[in-house]
Each structure stands twice: as structure tokens, then as C-alpha cells.
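In: predicted coordinates and the sequence they were generated for:
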Amino acid sequence: MERKWYLDFWALIREPFKRGIPEIVEFGTIQRGFAATVAMVAITLVFSAITELLLAFIWCSYSETG
């Protein structure tokens, strides 16, 4: 069963030296979680920029015809 990265991150914050760092680094779950977070931010920014451009294009087209 695959471990969730946010659970490992919480365990690392809560008790970093009990079982923490070597075990979490071995599984690499925090690195995958960080990569997923960066990817989601990038997708959101691209989608936001495209939406803004489309709305500006539609607004300019509409205001010229009226």
C-alpha cells in the first residue's frame, strides 16, 4: 500500500527524529508530493492565463460591435 506524502510530512513535523527523516527519505513520498504540488500550481497558472486572455478577447470583440 502506498503511503500518502502529507502523512509523512505531518510525521516529520511532529516527531522529526523518532522514525522520521531516514524512513521518509527512503520512501520519497515528500518529494513526490512536492512535485505534484508544483505541477498543480503550474497548471492553475496556465489555465488562469488562458482564461484571462479568452475573456479579454471576448470583451474587446463585444465592446467593438456595440
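Out: Nice, thanks for sending it over.
In: state the mean pLDDT of the strand or helix carrying W59.
Out: Using DSSP states H and E, W59 falls within helix 29-65. In this model, helix 29-65 carries a mean pLDDT of 84.
In: on contacts alone, who are the packing partners of it?
Out: Judged by 3 or more Cβ pairs under 8 Å, 6 or more residues apart in numbering; DSSP states H and E, helix 29-65 is in contact with helix 5-14. C-beta: built from backbone N, CA, C; applies to glycine.
In: quick one: mean pLDDT for the helix it packs on?
Out: pLDDT averaged over helix 5-14 gives 69.
In: begin at 28 from now on, thanks
Out: I'll keep to 28 as the first residue from here, and by that count the last item is helix 32-41.
In: and Y89, how close does it get to K31?
Out: As judged by Cβ to Cβ, to the nearest Å, Y89 and K31 stand 46 Å apart.
In: compare neighbour counts for these two and give me the winner.
Out: Per other Cβ atoms under 10 Å, whichever of Y89 and K31 has more neighbours is K31, with 12 against 9.
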